[in-house]
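>>> Here is the input, now give the coordinates:
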Amino acid sequence: MDADDFSAVLSEVRRFVRERVVPLEAEIDEKDEMPAEIREAAKKMGLFGFALPEEYGGLGLSMYEEAQLMFELGYTTPSLRSMFGTNNGIAGHVLMVGGTEEQKAHWLPRIASGDVLASFALTEPDAGSDPSTLTTKARLEGDEWVINGAKRYITNAPLADVFMVFARTDDEAPRTRGISTFLVPAGTPGLTVAPKDHKMGQFGAWTADVYFDDVRVPAEALVGGEDGLNRGFATAMGCIAHGRVHISALMVGMAERLVDESVAYASTRRQSGKLIGSFQLIQGLIADSMTDYYAGRATVLEAARGFDAGTDLKVGPSCTKYFASEMVWRVADRAVQIHGGAGYMRGVAVERFYRDARLFRIYEGTSQIQQVIIAKALLGEAARG
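Numbers count the residues shown, from 1 in each chain. As a prediction, the model looks like this:
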């Protein structure tokens, strides 16, 4: 995107986030729902397709540009990003990475416009950190695929129009080579979405279990067509690598907001007749959080450069996801500490962000999984003993 055009997009998104969404944060948290007017405004701004190619109606942002956009979106409740994150991220990228030209032409323009909400159905009750162990199966009967199994914690499942479903299609193949991906429209007979989950935080972002009981889809629902058979795991990993940089940038935006909240509180709150910002131990907490934020921002941008160049699609995304998720948790914890008792009260922004931040160390690959990925990439055969 032209630099001036991109600068205008960032400015518009910043105004939207800070003037329209931030004032609604408490309401979104209390009602566990994103207001319809915010959803419609996001559609008009192109936020459902900022990472999708221009030829399919998206903005076509690079990973480096996307990271900067996510810094702005991360300044408010993460449920805003979650509303259109799967369209741009792990779900939309399934088609970008592995779809046929016909599948891209049919689905991507509607996904980019927000007319279709897509979900990424990979995680299962017994297959989370290691999705290669998934047990959902698909068998070919004539010219139809029949899918059976269950998925867990699927983002946007209660609202989704189409699911990108990962299922085992070859029991004899190695675990990572016998998985395929299918496009399953909502409402397909046999597909059931459970009631939305009641989570610790990130209210307004809905997740739910999804069940498949003899769900039948046509042969052309196989992502990538015949060439996509048993290539679903590789497709998923490609999508997740992008998602790790994407979500890391969101965490940096949240860290910036937490620093701002901490500074504002320390600049106005008095204790023993003095502003608490004059206490050196409070100053130390703020300095540590600002340093964490600064390092996180630099790490994300470096990972985004490597992703765009194609020189680092594994270690960089894992490093930045690991660092950013642990970083924002430290910043959130300090923000509550700076606020004292007030930081533990519902209705105070840092209390909400503290609950929201906890999930970042789990989804898109836990911190422990990132450690394993990074270490194995560096150690090679030595990691196997």
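
>>> CA atoms for contacts and neighbours, from now on please.
OK.

>>> Would you state the predicted confidence (pLDDT) at the most far-flung residue of the chain relative to its centre?
In terms of distance from the mean C-alpha position of the chain, G273 ranks first, at 44.1 Å (C-alpha atoms, centre = their mean). G273 is assigned 97 on the pLDDT scale.

>>> contacting residues for it?
By C-alpha atoms under 8 Å, 6 or more residues apart in numbering, no residues touch G273.

>>> That one and H339: what is the separation?
16 Å (C-alpha to C-alpha, to the nearest Å).

>>> now swap in A264 and tell me
Spatial separation of A264 from H339 under the definition C-alpha to C-alpha is 10 Å.

>>> quick one: the helices in the chain?
Remark: helices assigned in the chain by DSSP state H are 3-15, 25-31, 36-44, 63-73, 78-88, 92-98, 101-113, 232-266, 280-309, 315-339, 349-358, 367-379.

>>> out of those helices, which comes closest to K151?
Comparing these against K151 with C-alpha to C-alpha, the closest turns out to be helix 232-266 (14.7 Å).

>>> More neighbours: which of A264 and H339?
Between A264 and H339, H339 has the larger neighbour count (other C-alpha atoms under 10 Å), namely 21 against 12.

>>> V184 pairs with what?
With DSSP bridges applied, V184 shows beta-bridge pairing to F163.

>>> Was I right to think it contacts F163?
Yes. Taking C-alpha atoms under 8 Å as the definition, V184 is a contact partner of F163 at 5.1 Å.

>>> Export the helices of the chain as CSV, with columns for distance to D209 and mean pLDDT.
Formatted as CSV, the entries for the helices of the chain read as follows, by distance: least, C-alpha to C-alpha, whole Å; pLDDT from 0 to 100:
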stretch, distance to D209, mean pLDDT
helix 3-15, 32, 97
helix 25-31, 21, 98
helix 36-44, 23, 97
helix 63-73, 27, 98
helix 78-88, 16, 97
helix 92-98, 20, 94
helix 101-113, 22, 97
helix 232-266, 19, 96
helix 280-309, 31, 98
helix 315-339, 25, 98
helix 349-358, 20, 98
helix 367-379, 23, 97
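
>>> who are the neighbours in contact with E54?
If a contact means C-alpha under 8 Å, 6+ apart, then E54 has G60 as its contacts.

>>> What pLDDT is listed against it?
You'll see E54 listed with a pLDDT of 96.

>>> same deal with S129?
88.

>>> what number of residues lie near it?
S129 is surrounded by 17 other residues when neighbours are defined as other C-alpha under 10 Å.

>>> With I38 instead?
For I38, the count of nearby residues is 17 (other C-alpha under 10 Å).

>>> is it true that it touches V21?
Yes. Assessed by C-alpha under 8 Å, I38 is found in contact with V21 at 7.5 Å.

>>> need the contact list for the residue nearest to the spatial centre of the chain.
Closest residue to the average C-alpha location of the chain: I247 at 5.0 Å, with C-alpha atoms, centre = their mean. When contacts are counted by C-alpha under 8 Å, 6+ apart, I247 touches 70, 321, 364.

>>> List the residues that contact Y344.
Neighbours of Y344 in contact, by C-alpha under 8 Å, 6+ apart: 336, 351.

>>> and if we set it to 10 Å?
Y344 sits next to 336-337, 350-352, 354 when contact means C-alpha atoms under 10 Å, 6 or more residues apart in numbering.

>>> Just among these, which is most surrounded?
When neighbours are counted by other C-alpha under 10 Å, V350 leads those with 28 neighbours.

>>> Give me the distance between that residue and V336.
To V336, V350 is 6 Å away according to C-alpha to C-alpha.

>>> pretty sure E55 contacts A105?
Yes. The pair E55 and A105 passes the contact test of C-alpha atoms under 10 Å, sitting 9.2 Å apart.

>>> Settle it for me: which of those two has more neighbours?
Neighbour tally, E55 and A105, criterion other C-alpha under 10 Å: the higher count belongs to A105, 14 against 11.

>>> Check the gap between that one and P53 for me.
In this structure, A105 lies at 11 Å from P53, with C-alpha to C-alpha as the measure.

>>> and for these two, which residues touch both?
Common contacts of A105 and P53, defined by C-alpha under 10 Å, 6+ apart, are absent altogether.

>>> wait, what's in contact with the nearest residue to R152 once chain neighbours are set aside?
In space, and not counting its chain neighbours, R152 is closest to D209: 4.3 Å by C-alpha to C-alpha, 6 or more residues apart in numbering. By C-alpha under 10 Å, 6+ apart, the residues touching D209 are 121, 123-125, 150-155, 157-158, 192-197.

>>> Cross-reference those with the strands and report the matches.
By the criterion of DSSP state E, membership of the contacts of D209 in strands covers 121, 150-155, 192-193.

>>> related to what we said a few turns ago, out of the contacts of I247, which is nearest to V223?
The shortest separation between V223 and any of the contacts of I247 is 21.7 Å, and it belongs to E364 (by C-alpha to C-alpha).

>>> burial count for that closest one?
For E364, the count of nearby residues is 23 (other C-alpha under 10 Å).

>>> from memory it sits against T155, does it?
No. E364 is not in contact with T155 according to C-alpha under 10 Å; the separation is 11.6 Å.

>>> hey, what's in contact with both of V184 and F163?
Counting by C-alpha under 10 Å, 6+ apart, the residues touching both V184 and F163 are 118-119, 121.

>>> May I ask which of these has the most neighbours?
Result: A118 is most packed of the shared contacts of V184 and F163 (other C-alpha under 10 Å), 33 neighbours.

>>> That residue and E302, how far apart?
According to C-alpha to C-alpha, A118 and E302 sit 29 Å apart.

>>> do H339 as well
33 Å.

>>> Same question for S79.
26 Å.

>>> More neighbours: the two, which one.
Between S79 and E302, S79 has the larger neighbour count (other C-alpha under 10 Å), namely 24 against 16.

>>> if I pick that one, what's in contact with it?
The neighbours of S79, taking C-alpha under 10 Å, 6+ apart as the test, are 25, 28-29, 32-34, 73, 85, 201-206, 356.
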